[in-house]
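Visitor: Test case, fold it:
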Amino acid sequence: MSDQPGLPFGAFEFHATALEVADRLAAPVAEALAAWPDREAAGSVLYVETDPEKADTAVFCETYDVPLEASANCVVVAARRGGETTMAACLALATTRVDVNRAVRKHLDARKASFAPMDAAVGATGMEYGGITPVGLPAGWPLLVDAAVAAAPFVLVGSGRRPRCPERWCSRTWPADRRVGRPPAAGSQ
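Guide: Next comes the predicted model:
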């Protein structure tokens, strides 16, 4: 009999609740989980270890038996209007592309929106590039969650770190927001 929580999908050698392995998470992620008022929701967040050589989404999903529609990506965008820049994060399934130029720009009421430069995203979030996650983002940042993510029973996202063995975790606690993505164009994958 195992003390480890059950996984909703996937085949990982190691998994635990994220709260049990908070030292393996980026500091802002661990702090956000520790402060999450809904203790049951915080305790339901799971952590898994993966091989960094298998980080490409398609390879990752095949290797660990994770459906593409259960893998989500968090991207940081910089939206500008006048002299002001607003940083925001977008969470979309791996099967969806974030529509930065139309949907995100319009939602943030910006004149221009683009993916944030790597150094800006890493510096502002305190997380590692390739592992940025919606939990633990800076206070005041808009988090745009695609409707497909909100509708998914579980999703797998980064842990805020991407060390030699990048961790990921899954949760089913995403609040619904406006749709910010669209399916990729046919033949564009």
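
Visitor: low-scoring pLDDT stretches of this protein, where are they?
Guide: Residues of the chain that meet the criterion pLDDT under 70 lie in 1-5, 162-189.

Visitor: any idea how far the helix or strand where residue 47 lies is from the chain center?
Guide: Secondary structure from DSSP states H and E places residue 47 in strand 46-49. What separates the centre of strand 46-49 from the centre of its chain is 13 Å, taken as Cα atoms, centre = their mean, to the nearest Å.

Visitor: Please compute how far the helix or strand following it lies from its chain's middle.
Guide: As assigned by DSSP H and E, the chain's next helix or strand after strand 46-49 is helix 57-63. Centroid separation between helix 57-63 and its chain, computed with Cα atoms, centre = their mean, is 16 Å.

Visitor: Over to stretch 151-163?
Guide: Offset of stretch 151-163 from its chain centre (Cα atoms, centre = their mean): 5 Å.

Visitor: heads up, I number from 33, so please use that
Guide: New numbering, starting at 33: the last item is stretch 183-195.

Visitor: Setting aside sequence neighbours, what's the nearest residue to residue 54?
Guide: Nearest non-adjacent residue to residue 54, counting by Cβ to Cβ, 6 or more residues apart in numbering: residue 62, 4.0 Å away. All C-beta atoms are positioned from the backbone trio N, CA, C, and that covers glycine.
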